[in-house]
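> whatever this is, show me its structure:
(2 chains)
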Amino acid sequence: MDKIEVSLTVNGRTRAALVSPRMLLSDFIRHELALPGTHVGCEHGVCGSCNVLVDGKAVRSCLMFAVQTDGAQITTIEGFGDGDLDPIQTAFWEEHGLQCGFCTPGMLASAKELLDHNPDPSDEEIREAISGNLCRCTGYEYIINAIRSAAAKLRAADPAAA
Amino acid sequence: MASHLDSNVIPPSRQREVPRQGMTWIGQSIKRVEDPRILSGKGGYIDDITVPGMAHAAMVRSPHAHARIVSIDTSKAKDLPGVIGVYTGEDLATVVDPCPSFASPPVPQHAMSIGKVRHVGEVVAAVVAEDRYIAEDAADLIEVEWDVLPANVDIEASLEATGDAVIHPDDRESNSALDQTFAFGPVEQHFAEADHVIKRRLRWNRSSAQAIETCGVVADYDAFKGGYTIHANTNFYNFIPFVIGGSLRVSPGELRIIPVLAGGSFGSKVFIHKIIILTAGLARLAGVPVKYIEDRMEHFMNSDSHGSDRLYDAELAVMEDGTFRSLRFTVLDDYGAYLQFGVGTHGNAMAQVTGPYQIESVGMRVIAVLTNKCQQGPYRGFGSEVTNWVIERMVDATAEELGRDGVELREQNMVQPDQFPYMIPTGNIYDSGNFQEVLAQAKGLIDYDAWKARAAEMRTEGRCVGVGLATCMERSVYGPTEWWSLNDKEAPGFTLTSTPEGISARIDPSGKMFVTLNSPMVGNSPETVVTQILAERLTVAPEDVVINYADSQTGFNGVGPQGSRFTAMIAGACVSASIKLEERLLRFAAHMLQRRPDDLELRNGAVGVKGLKDQEKSFGEIALTSSFFRLSFPDTEEFDSGLETTAVYDHPISSDPHPDREHLGIFYPIVGHICHIVAVEVDPGTGKVDILDYAAVHDNGTIVNPRTLGGQVWGGTANGIGSTLFEQFIYDDEGQFTNPNFAEFAMPTANEMPRNFKLGHVETPSPFTEYGIKGGGEGGRLGAPSALTTAIEDALKTYGVKINSLPVTPPTLRGLIRERELAITAE
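Numbering: from 1, shown residues only, chains lettered A, B, ... in the order given. Okay, the predicted model is just below:
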């Protein structure tokens, strides 16, 4: 199979690569771009661990091909903070929103997508937003607390957005 | 206490740090030390490992539950560009021997099948290729010819199998792998004296932990030295070399197992010896390092971690006034096609089989049944999740038949606070507890009486609302006699008795304290708890503690996070290391301060003169001076450079099983207690259960970190909700595993979890562990199924639905309701 050239922005940095048309976006991110923070849990689009933000939307990177992202803006967990933990990551730390951490990158992507559009979500809206992300460790409650806390942090940091 | 327990003497406590109030770091919900690197994507899981020249493996899996392999044609696969090698079970057998088995007699298993497959998903061939895509393409080109044999799926029918249906005909004439009977105390007499004998047939169906990360290995064979370097996400990396060295034909010392952060285990990653052997063998055959990461289907079908799958015929002997006398049962357990650890899950359950109740004797017949399914492995509870549910079901059944209130009956039979340490008929002890206080707190949290009244009122309005309460035990700090104590006493197999946990600690001239652990992180919080305990004991600042992990060659003595042991065990190692370090700190500081060691104390990361605030030397200063200014100290051995120590802690209190198995000894004695209360509403039209309210109160002794313990309780409860309402592996009559994926094996999402979870703790310290810490990693799953089952029965009181089997998925529950609707109509 001939490889195809793709050029995209990942975590603010332009990346160009020749990829096989069948390469999954998740494999491309992890193994070609050497960003292992995106995790592959089921490879059939259910668990949400591989969620990344593609043009601001949380998507299953195991259900997309890398070639589909030509020209896209992608944010992975490595691109959340600027050398430090961002408010959502900080809230997950403070509220014990992770145990093994394997589902966490996908949770963060879903949380960021929610909070980008809804700065003051209700608990039910938070539940709904992460209902496509499986976590086997936490029972979700502390994740919900973390996202609620992150929303408050983001509102406090940028009152105009709220 | 019954006379059969006379020989089971409780040893004196070896506790050094007594439980106390007002500690500085133990008891604080500090933020986890582990989290920043994980939250920034730098956790370092198995699939993040890359080594130079690494190739990738893909497997050909059996599509049949039971079949002979007639032939395997690998020629097309070998011709595919990018393929390095294609291997069958015979090829692998040139470099590896069969898998280890703790069962006695062992059930033979190959990492890659030879001649025959015994469940769907077994590996029959492997491809090693330049990348995983090519490896999977090549795997698709391998053609296997099969001679299909009869599949054993049903637990009772499998015991009757003959001829071609026998799964291991070379080793066993039937599919019964083990059949053992025990009487712990005068069971027959107690049943003869009983006024009532309550009987139930109870079924617990198969599921598994399904951590979000599957299992994986990166292995490299060193042809010159003859050993292997292996990265694997096992819980058990310091022990595994001794288990698998024989299979890999090397000495344990020639295996370097390097730990990685594991993406969840819940027991499922304790062993993973089969894929380590498989991947290592492939690396040796292919002559390159090989990575193999299970895909999700492989993890469902072939990961040796299926959970309990049991059928109980249970009887409880009860007196007229409701006093419990004796419990006896016959249990069949569907272990699948192999038996990696014998009936260890039943050994485990004997730690707390009588629950929180005073029951004088226990009788058991356990039959390990082989079927054409993946073999069992550990899953949060390790068998005790089932016996907890069985005893609670039996108590509810007794309440119903005697016309008693279930909670009142529980209180009547509960062990009292002044009876600890309390020895149960199997010989295990409950070290401490206050079950009444736990119950009272749980009832208070959820306002139990008000909920009972409200549910009754709602039922009169036609709604199916009910309340359930369960009082359960949570044994912790496992002892390994559980693996073999139920084997034939004349041939018990490998009679392991040690569970050491070690730590190395060094105070560096920079002032940092470098600590090396010998057990991996699997989602628990090893670095956080160690930091808190060392900060407490040595007064170091938590930010000065830096944690690393040894590999199997640089470290030793780690059994890992399993059996809710790690926190209590590592606390012991931390205390031992602290005692040794303190002695050295005081000796050096005494010389530096020109005082006697007795005049000194540890305070805020320094050694100071008692009563004199300004006379002290910081740990860093002492370490610096002792390391770089040796000539400042006397020229004797005790002033040898540096502040470093290694310490190992062994089980705080355990003993051997009785030679005749009149009892099993003390093997799981650090015992917590839990009470779960839940209110549910059932939609009778669909069988869907909504959780309206939930309270959980756990007593795990002294709490090191309330928030991380809370996370364990929550997570375990979510697993328990899944086991009760949703999760079941479904095999069809041919032994096809019909739902091995996350779309059809439904685990709870945030939407299925209760909205009003109320969490409480009682702290009854252990008299045996340091600081009185007990384990708390499994309690949620040990309590939720019982409480939910009772609540659902209560909600469906008007229908008279009885729940004797879990899970009650919506279609299952709808079926039970329909049966009752038809029966009621017929009446």
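
> from here on, contacts and neighbour counts on C-alpha atoms
OK.

> which one's the longest helix in the chain?
Since you didn't name a chain, this refers to chain A. Using DSSP state H, we find that the single longest helix of chain A is helix A:141-157.

> sorry, should have said chain B
helix B:566-593.

> residues in contact with the lowest-mean-pLDDT helix or strand in chain B?
Ranking every helix and strand in chain B by mean pLDDT, DSSP states H and E puts helix B:240-244 at the bottom, with a mean of 91. Contact partners of helix B:240-244, identified using CA atoms under 8 Å, 6 or more residues apart in numbering or on different chains, comprise B:99-100, B:251-253, B:255-257, B:271, B:273, B:277, B:552.

> stretch B:135-148 spans what distance, first to last residue?
27 Å (CA to CA, to the nearest Å).

> can you show me the helices along chain A?
All helices of chain A, identified by DSSP H, fall at A:25-27, A:87-94, A:104-117, A:123-129, A:141-157.

> which one of the ones you listed lies closest to residue B:496?
helix A:104-117 (37.9 Å; CA to CA).

> is chain B contacted by that closest one?
Yes - Helix A:104-117 lies within reach of chain B by CA under 8 Å from any CA of the partner chain, at A:104-105.

> how near is the residue nearest the centre of chain A to residue A:42?
In chain A, the C-alpha nearest the mean C-alpha coordinate belongs to residue A:109, at 2.5 Å (CA atoms, centre = their mean). According to CA to CA, residue A:109 stands 17 Å off from residue A:42.

> domain map for the chain?
Because you didn't say which chain, this covers chain A. Using automatic domain parsing, the domain ranges for chain A come out as A:4-79, A:87-157.

> um, chain B though
If you go by automatic domain parsing, chain B breaks into B:35-43+B:500-649, B:419-478+B:668-827.

> related to what we said a few turns ago, can you redo the helices of chain A as a markdown table with distance to residue B:715 and mean pLDDT?
Below are the helices of chain A laid out as a markdown table (distance: least, CA to CA, whole Å; pLDDT from 0 to 100):
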| stretch | distance to residue B:715 | mean pLDDT |
| --- | --- | --- |
| helix A:25-27 | 27 | 98 |
| helix A:87-94 | 16 | 98 |
| helix A:104-117 | 15 | 98 |
| helix A:123-129 | 16 | 98 |
| helix A:141-157 | 9 | 97 |
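
> save the ones you listed as TSV, and put in distance to residue B:361 too.
Listed next are the helices of chain A as TSV, based on distance: least, CA to CA, whole Å:
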stretch	distance to residue B:361
helix A:25-27	57
helix A:87-94	48
helix A:104-117	47
helix A:123-129	47
helix A:141-157	41
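
> tell me which of those lies nearest to residue B:752.
Closest approach to residue B:752 among the helices of chain A is made by helix A:123-129 (9.6 Å; CA to CA).

> buried ones in the closest one?
The neighbour-count check on helix A:123-129 (16 or more other CA atoms under 10 Å in any protein chain shown) flags A:126-127, A:129 as buried.

> do stretch B:416-431 as well
The neighbour-count check on stretch B:416-431 (16+ other CA under 10 Å) flags B:416, B:421-431 as buried.

> dump those to CSV, plus distance to chain A and pLDDT.
Output for the buried residues of stretch B:416-431, formatted as CSV (distance: CA to the nearest CA, whole Å; pLDDT from 0 to 100):
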residue, distance to chain A, pLDDT
B:416, 32, 98
B:421, 32, 98
B:422, 32, 98
B:423, 33, 98
B:424, 32, 98
B:425, 34, 98
B:426, 32, 98
B:427, 33, 98
B:428, 29, 98
B:429, 29, 98
B:430, 27, 98
B:431, 28, 98
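
> what about the residues you listed, which are in strands?
Judged by DSSP state E, the buried residues of stretch B:416-431 include B:422-423, B:429-430 as members of strands.

> for these, which one is nearest residue A:89?
residue B:430 (41.0 Å).

> let me see the contact set for that closest one.
Contacts for residue B:430 (CA under 8 Å, 6+ apart) come out as B:420-424, B:669-671.

> which two among these are spaced furthest apart?
Maximum distance among those (CA to CA): 13.2 Å, for B:424 and B:670.

> re earlier: which of the domains of chain A sits most buried?
Ranked by mean neighbour count, those are led by domain A:87-157 with a mean of 23 (mean count of other CA atoms under 10 Å in any protein chain shown).

> please state the offset of that domain from the chain centre?
With CA atoms, centre = their mean, to the nearest Å as the basis, domain A:87-157 stands 11 Å off its chain's centre.

> and what of stretch B:414-421?
Distance of stretch B:414-421 from its chain centroid, counting by CA atoms, centre = their mean, is 27 Å.

> got the residue ranges for the helices in the stretch 401-550 of chain B?
B:406-413, B:435-446, B:448-460, B:526-538 (DSSP state H, counting those that start in this stretch).

> what helices and strands are in contact with the longest helix of chain B?
If contacts are counted by 3 or more CA pairs under 8 Å, 6 or more residues apart in numbering or on different chains; DSSP states H and E, helix B:566-593 sits against strand B:501-507, helix B:526-538, strand B:600-603, strand B:606-609, strand B:616-618, helix B:619-628, strand B:643-649.

> out of these, which gets nearest to chain A?
Smallest distance to chain A across those (CA to the nearest CA): 11.0 Å, for helix B:526-538.

> for that closest one, packing partners?
helix B:566-593.

> go ahead and confirm the residue nearest to the centre of chain A touches residue A:50.
No - look at residue A:109 against residue A:50 with CA atoms under 8 Å: they stay out of range, at 9.0 Å.

> got the CA positions of stretch B:526-546 in PDB?
In PDB, the C-alpha atoms belonging to stretch B:526-546 read as follows (Å, rounded to 0.1, in the frame of the first residue of the first chain):
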ATOM      1  CA  PRO B 526       2.000   2.600  46.700                       C
ATOM      2  CA  GLU B 527       4.200   5.700  46.400                       C
ATOM      3  CA  THR B 528       1.700   7.800  48.300                       C
ATOM      4  CA  VAL B 529       1.200   5.500  51.200                       C
ATOM      5  CA  VAL B 530       4.900   4.800  51.500                       C
ATOM      6  CA  THR B 531       5.600   8.500  51.500                       C
ATOM      7  CA  GLN B 532       3.000   9.100  54.200                       C
ATOM      8  CA  ILE B 533       4.300   6.300  56.400                       C
ATOM      9  CA  LEU B 534       7.900   7.300  56.100                       C
ATOM     10  CA  ALA B 535       7.000  10.900  56.700                       C
ATOM     11  CA  GLU B 536       5.100   9.800  59.800                       C
ATOM     12  CA  ARG B 537       7.800   7.500  61.200                       C
ATOM     13  CA  LEU B 538      10.900   9.500  60.300                       C
ATOM     14  CA  THR B 539       9.500  13.100  60.200                       C
ATOM     15  CA  VAL B 540      10.800  13.600  56.700                       C
ATOM     16  CA  ALA B 541       8.900  16.100  54.500                       C
ATOM     17  CA  PRO B 542       6.800  14.200  51.900                       C
ATOM     18  CA  GLU B 543       8.300  16.200  49.100                       C
ATOM     19  CA  ASP B 544      11.700  14.900  50.000                       C
ATOM     20  CA  VAL B 545      10.700  11.300  49.500                       C
ATOM     21  CA  VAL B 546      11.500  10.000  46.000                       C
END
